[in-house]
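Student: Next come a sequence and a model predicted from it.
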Amino acid sequence: MNQYNDKNQKHGYWEHYYPNGNIMSKGDYVNAERHGYWEYYWYNRNIIRKGDFNMSKQIGYLKRYSENGELTNKQFFL
């Protein structure tokens, strides 16, 4: 977890945290690019948004949630 490749770029599975220790985001990097499924969290641990990336480009459905966990938006990216 939280590793770098030989070019000192984020690579593999990563987790980012708020100062209080709650998770902020998690997903995979390929040569510093977000790739695959990612989740982002509110400070209170509820999900803000989740979706897939292809080399940092949003693809497929992106779902956004309110701070109390209700789905607020669903958007499709090609």
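Tutor: Perfect, I can see it now.

Student: What's the end-to-end length of stretch 64-78?
Tutor: One end of stretch 64-78 to the other measures 17 Å (CA to CA, to the nearest Å).

Student: buried sites along that stretch?
Tutor: R64, Y65 (16 or more other CB atoms under 10 Å). Heads up, the C-betas are built off the backbone N, CA and C, glycines and all.

Student: Provide the contact partners of that stretch at residue level.
Tutor: 42, 44, 46-49, 51, 57-63 (CB atoms under 8 Å, 6 or more residues apart in numbering).

Student: List just the nearest of those to D6.
Tutor: Among these, K57 lies closest to D6 (CB to CB), at 24.2 Å.

Student: Show me what that closest one is bridged to.
Tutor: Following DSSP bridges, K57 is listed with bridge partners N54.

Student: so how far is W14 from it?
Tutor: Distance, K57 to W14, by CB to CB, to the nearest Å: 18 Å.

Student: ok, now N5?
Tutor: 12 Å.

Student: So these two - more neighbours on which side?
Tutor: Ranked by neighbour count (other CB atoms under 10 Å), N5 and W14 place W14 first, with 16 against 13.

Student: could you list every residue that touches Y61?
Tutor: Counting by CB under 8 Å, 6+ apart, Y61 touches G51, D52, K74, Q75, F76, F77.

Student: And K7, by the same measure?
Tutor: K7 sits in contact with N31, where contact means CB under 8 Å, 6+ apart.
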